[in-house]
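S.K.: Mind looking at a prediction? Sequence and model below.
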Amino acid sequence: MTNPLLQNFNTPFSTAPFSKIKTEHFKPAFTEAIKKARQEIAGISNSKEGPTFGNTVEALDFSGQKLDRISSIFFNLNSAETNDEIQKIAQEVSPMLTEFANDIRLNEKLFKRVKHIYDIKDALNLTAEQGTLISNNYKSFVRNGANLSKKDKSELRKIDTDLSKLKLKFGENVLAETNAFEFHITDKDNLKGLPESALEAARILAKQKNKDGWIFTLDYPSYIPFMTYAETRELRKKMAVAFGSKAFHNNTYDNQQIVLDIVKLRHKRANLLGYKTHALFVLEERMAETPKNVTDFLEDLLTKAKPAAKKEFDSLAELAKKDGIDQLEKWDAPFYSEKLKKEVFDFDEEALRPYFKLENVIDGVFTISNKLYDLVFEEIHDIDIYHDDVKSYKVTDTSGNFIAILYADFFPRKGKRNGAWMTSYKGQWIKDGENSRPHISIVCNFTKPTETKPSLLTFTEVTTLFHEFGHALHGMLADTTYQSLSGTNVYWDFVELPSQLLENWCYEKEALNLFAKHYETNKPIPMELIEKIKQSSNFLEGIQTLRQLSFGILDMNWHGKSPSGIKNVKEYETESFKNTQLYPDVKDNCMSTSFSHIFQGGYSSGYYSYKWAEVLDADAFALFLENGIFDKQTAQKFKTTILTKGGTQKPMDLYLKFRGKKPTNNALLKRAGLVK
Ligand SMILES: [Zn+2]
């Protein structure tokens, strides 16, 4: 039996041959690809030749490419199109991959060669990119235990294997709990306030399950409209408590012990490597550099945002009082926010939807990318996709040069995790003079088309699409020699700059006029609606900021201190939230047990980076505002200093080249309306 994953992909642009891949191909492909990668590494470390940059550092970066491709295909599918079988394989191969990675990082012969190059690097006349590559390489050895004793090395390996299993389980539990809940409504009275779009989606969902009435779930496109519009408070409470108690039910899917195990193992790992805390370990390789810088940054914003947040909370409470609500609760938040927004702006989010037909928004983001970065997108049908919902595009520049393949997967379905993300099926690198272009994918969970209507996005969904597309630009325009420094392979607190920067175009008339057209009449979005979008973008900004800061502070509390004394997840979380909470605590809810960003994903000690990147994007966009949002020269500068450069240089150096000065908090606070 031939395994398509192990063949050369004989496909257009060497894209992943999804139609030929069967689930049972993955495990043997991993085994074989790991074996091959091990041979490549052995070839480098056992070489009879003395170490050179080329035969060691560069050779390492180009090793294991087959394994990389199989891994990206598999783990991308595990996020976007998973099932029990795939999850089981993930559980099996994750420890294999961790073991392989650790074997490289704990390979003493290899380390000796890398260390030799590192020690003489200044005499080698390396390019900036090569300098970064050798530093990263050396540090990744040291940070993975290369200087440890034999005993400590094996301890470290055990911790890493355990951690990778725990993180996977954490994510599976959250997904299982999300899928386990459905709110089946048969009494029409309980639907008061809900817009037609939400009702129709709920009706279709019920129909699919052969049930009468309406079904609501914890998937965002179902959950958010329910919380925003459902007038019956008891039902909002039921939904909110279900949402907030994922993996906090003392059942098989409970994540409390997993949270404690993860933070304790991370702390132990940091100690073993000579760092006092996990946060100190992580931040060594961040733009922020130290936990103190992060805490000062969060506290500064907290001081400035809190008075505004309290005022906003009071206006919500006042409005709720008119409905006889004495104490505003968490499940009232979206509902009264929307109501207040209507009162202040006479503005219904739903009124925007007709102007944001998904296809028009996609055209819009393509046109904007063309105006800024000379990209051309052509939908193609001759490459394999992994689900019928997925669209594929060939991306070229205006001279016809091939830039990238782009996949786009927009709608929720079973087996796809919540939220939106960008990922890649193939990286970018330059080898033997050939620039091997990337395959990028964006995955979202947008409002689905219905029997009578196309997919009409909320404005939040529009900004989400622009956000992920900003990441995709970073990936597609990558132009570096080494894959490990390419595209979004940058410091975590720098990775959100391209994504958040692109969101700014959603608020500009000049940009909206390009694509925000009524889906039935084709009339452009009225000026007054654009004005309202802009005005309302800062609506309740204090509360939003406090929420983001609360997550950042919670993250730093989990990872910036010794966890040895922590007994109870919920208690610890409540204590950590005490300066950032406006609403009463809900005792049945726990944020940490479904805080996938920091316990499953890579954001531990890094949640602050969303705000950090906002500072950068506000500061960067200020230059576009000065010169014009479609100013070619400014865009060109952003492309050549940041988008093409990936992680080849320190982010602050790249940023200085683009902006000519360091960023400050001012542009953000001003844009957010938190200072005058
Ligand atoms: Zn992002």
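M.R.: Noted; the coordinates are in hand. Predicted model, so just to flag it, every value in this text is computed and none were measured.
S.K.: before we move on, which element is the closest residue to the ion within the stretch 51-200 of the chain in?
M.R.: Using CB to the ion, the single residue of the stretch 51-200 of the chain nearest to the ion is residue 79, 14.4 Å away. C-beta here means a position set from N, CA and C on the backbone, and glycine is covered the same way. Taking DSSP states H and E as the criterion, the element that holds residue 79 is helix 65-80.
S.K.: So which elements touch that helix?
M.R.: helix 23-45, helix 84-105, strand 421-426, strand 439-443 (3 or more CB pairs under 8 Å, 6 or more residues apart in numbering; DSSP states H and E).
S.K.: one more time with 7 Å
M.R.: In terms of contacts (3 or more CB pairs under 7 Å, 6 or more residues apart in numbering; DSSP states H and E), helix 65-80 is packed against helix 23-45, helix 84-105, strand 421-426.
S.K.: on that earlier part again, apart from its neighbours in sequence, what residue is nearest the residue of the stretch 51-200 of the chain closest to the ion?
M.R.: Once flanking residues are discounted, residue 79 sits nearest to residue 417: 5.4 Å by CB to CB, 6 or more residues apart in numbering.
S.K.: Could you measure from that neighbour over to the ion?
M.R.: Residue 417 sits 15 Å away from the ion, taking CB to the ion, to the nearest Å as the criterion.
S.K.: where does the residue of the chain found nearest the ion fall, phi/psi-wise?
M.R.: Using CB to the ion, the single residue of the chain nearest to the ion is residue 499, 4.3 Å away. For residue 499, the backbone dihedrals (degrees, to the nearest 10) come out as phi -70, psi -50.
S.K.: per-residue pLDDT, it?
M.R.: Reading off the per-residue confidence, residue 499 sits at a pLDDT of 96.
S.K.: Count the residues that sit near it.
M.R.: Residue 499 has 22 neighbours, counted by other CB atoms under 10 Å.
S.K.: could you check the distance from it over to residue 463?
M.R.: Residue 499 sits 10 Å away from residue 463, taking CB to CB, to the nearest Å as the criterion.
S.K.: Pull up the overlap in contacts between these two.
M.R.: By CB atoms under 7 Å, 6 or more residues apart in numbering, residue 499 and residue 463 have no common neighbours.
S.K.: Which of the helices and strands packed on helix 65-80 has the highest mean neighbour count?
M.R.: Mean neighbour count (mean count of other CB atoms under 10 Å) peaks for strand 421-426 among these, with a mean of 21.
S.K.: Going by neighbour count, which residues of the helix or strand that it is followed by are buried?
M.R.: Moving toward the C-terminus from strand 421-426, the first helix or strand encountered (DSSP H and E) is strand 429-431. By neighbour count with 16 or more other CB atoms under 10 Å, strand 429-431 contains the buried residues residue 429.
S.K.: And the pLDDT at residue 260?
M.R.: Looking at residue 260 specifically, the model assigns a pLDDT of 98.
S.K.: ok, back up a step: if we ignore the residues flanking it in sequence, what's nearest the residue of the chain closest to the ion?
M.R.: residue 470 (3.6 Å).
S.K.: Check residue 582 too.
M.R.: Once flanking residues are discounted, residue 582 sits nearest to residue 313: 4.5 Å by CB to CB, 6+ apart.
S.K.: other SSEs contacting the helix or strand where the one you found lies?
M.R.: Secondary-structure assignment from DSSP H and E places residue 313 in helix 291-321. Based on contacts counted as 3+ CB pairs under 7 Å, 6+ apart, the elements that helix 291-321 packs against are helix 278-283, helix 333-345, helix 541-559.
S.K.: In terms of mean pLDDT, which of those helices ranks lowest?
M.R.: Across these, the stretch with the lowest average pLDDT is helix 333-345; it has a mean of 92.
S.K.: The helix or strand following it packs against which elements?
M.R.: Heading C-terminal from helix 333-345, the first helix or strand you meet, by DSSP H and E, is helix 358-373. Using 3+ CB pairs under 7 Å, 6+ apart, the elements in contact with helix 358-373 are strand 375-379, helix 459-476.
S.K.: Report the angle between the last one and strand 421-426.
M.R.: This means helix 459-476. For helix 459-476 and strand 421-426, the angle between their directions (axes from the mean of the first three to the mean of the last three CA atoms, to 10 degrees) works out to 30 degrees.
S.K.: Next one: the one residue sitting closest to the centre of the chain from residue 427, what distance?
M.R.: Within the chain, the residue whose C-alpha comes closest to the C-alpha centroid is residue 421; the distance, by CA atoms, centre = their mean, is 4.9 Å. When distance is defined by CB to CB, residue 421 is 16 Å away from residue 427.
S.K.: In what element of secondary structure is residue 204 found?
M.R.: With the criterion set as DSSP H and E, the secondary-structure element containing residue 204 is helix 196-208.
S.K.: What parts of the protein come near the ion?
M.R.: Within reach of the ion by CB under 5 Å from the ion, the chain has these residues: 496, 499.
S.K.: For the chain, which helix or strand comes out least confident on mean pLDDT?
M.R.: Scoring the helices and strands of the chain by mean pLDDT, DSSP states H and E places helix 527-536 at the bottom, with a mean of 84.
S.K.: Return the set of buried residues in it.
M.R.: For helix 527-536, using 16+ other CB under 10 Å, the buried residues are 529, 530, 532, 533.
S.K.: Stretch 408-417 too?
M.R.: Neighbour-count burial for stretch 408-417, with 16+ other CB under 10 Å as criterion, is recorded at 408, 409, 410, 411, 412, 415, 416, 417.
S.K.: my guess is the second one meets residue 443, correct?
M.R.: Yes: the pair formed by residue 409 and residue 443 meets the contact definition of CB atoms under 7 Å, at 4.6 Å.
S.K.: Right, I'll leave it there.
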